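take a look and give me a structure for this.
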Amino acid sequence: MIDISKRIEIISKLLDEDSRTSIVYAALECRLTIEAICYERFAISYEYIPHDLLRKWQPHHVVKQVAEEGNEQVTEGFTMFISKSPTNQDNPPVTCEDYESVEYVSIGSQAALDLGKLGKLWNALSNTSLHVSLPHAKGEEIEIYRNSEKVKGKIAESLNEFKKILDGNLLSSGFGEEYYFNCIGCDTKLKKRAKLIKHGEMVVCLNPDCPESYYFSVEDGEIFHIRRLLITTCADCGNSIEIPARFVDKLKFGQTLNEGCSECGYNNQIRLIPGRATKPEAEE
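Below is the predicted model:
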């Protein structure tokens, strides 16, 4: 885990120097710390939402997507406990009262994140210190450093947020029932929290060298996965050819994908060309 106390120490020392340059560096360190905190929460949940499916790179947006699609508890604060002694297999606890009577010991706590606050600070630190103001007139003086007092205010706010998560010593990838299966291409285990799966949602293989991807289908509460394929026929022998859809996803107009036929060896060429949609005729 990231050593938050070390990050606070670095930023505080720069703040104590109180020069215009040290204030800017402190603001940069705050921004980097926010990114590190958020990206660490993403990394712990990587098995449920891989990098290729991220829609935005900004730290608060990354964690927001993780919470929606991979790990509902990613921003929550909680403490995990374990029973001090093994469960009696002949007389296991059944009711809430049974579980409450068990003696527990803490194994760690995950600190809560105020994602909205961190996102605003990340933007504010950039706006107040990490960019030179665009001049509004020809003779306007170019200021390299912005209003130091305003910047120091945002740094102080950042330090307060960092101190709130200082005692966290555990990160969790979440809780709940999983839906999982093995990739047909490389046998990597792919999994997802069942309650977060949406009909039509896409998942890609976690193996960076594997081109496979899948769609989820949810019907009457049951979950299925469907391999994403382009199915075509060999131009020479007519044999059916299955091509992982991600190869086609990456094609640009005019580019060619070569696919050899497993039956006759013919090199089939697939090219993405612009087409024109036609409106279906209305039935009489």
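
which residues in the protein form strands?
Listed in chain order, the strands of the chain (DSSP state E) span 78-83, 104-110, 178-182, 189-193, 202-204, 213-219, 222-227, 229-233, 240-244, 256-260, 267-271.

of all these, which lies closest to P59?
strand 104-110 (17.4 Å; CB to CB). All C-beta spots, glycine's among them, are computed from the backbone N, C-alpha and C.

what's in contact with the closest one?
73, 76-84, 167-172 (CB atoms under 8 Å, 6 or more residues apart in numbering).

likewise for stretch 146-166?
Stretch 146-166 is contacted by residues 4-5, 7-8, 11-12, 15, 20, 23-24, 26-27, 30, 33-34, 37, 111-114, 117-118, 121, 124-125, 128-129, 133 when judged by CB under 8 Å, 6+ apart.

burial count for I270?
I270 has 16 neighbouring residues, counting by other CB atoms under 10 Å.

model confidence for it, exactly?
Reported pLDDT at I270 in the predicted model: 87.

can you tell me the closest non-neighbouring residue to it?
In space, and not counting its chain neighbours, I270 is closest to L257: 4.4 Å by CB to CB, 6 or more residues apart in numbering.

residues contacting that neighbour?
Residues near L257 by CB under 8 Å, 6+ apart: I243, F247, V248, L251, Q269, I270, R271.

rerun that using 6 Å as the cut-off
Residues near L257 by CB atoms under 6 Å, 6 or more residues apart in numbering: F247, L251, I270.

how many other residues sit next to L230?
Neighbour count for L230, taken as other CB under 10 Å: 17.

right, and it touches F247 too?
No: look at L230 against F247 with CB atoms under 6 Å: they stay out of range, at 7.7 Å.

okay, the strands of the chain, which one's buried deepest?
Highest mean neighbour count of the strands of the chain: strand 202-204, a mean of 20 (counted as mean count of other CB atoms under 10 Å).

list the neighbouring strands of that one plus their orientation.
Strand 202-204 sits in its sheet next to strand 213-219 (antiparallel), going by DSSP bridges.

what does the partner strand rub up against?
For strand 213-219, contacts defined as CB under 6 Å, 6+ apart pick out I197, H199, E201, M202, V203, V204, F224, H225, I226, R227, R228, R246.
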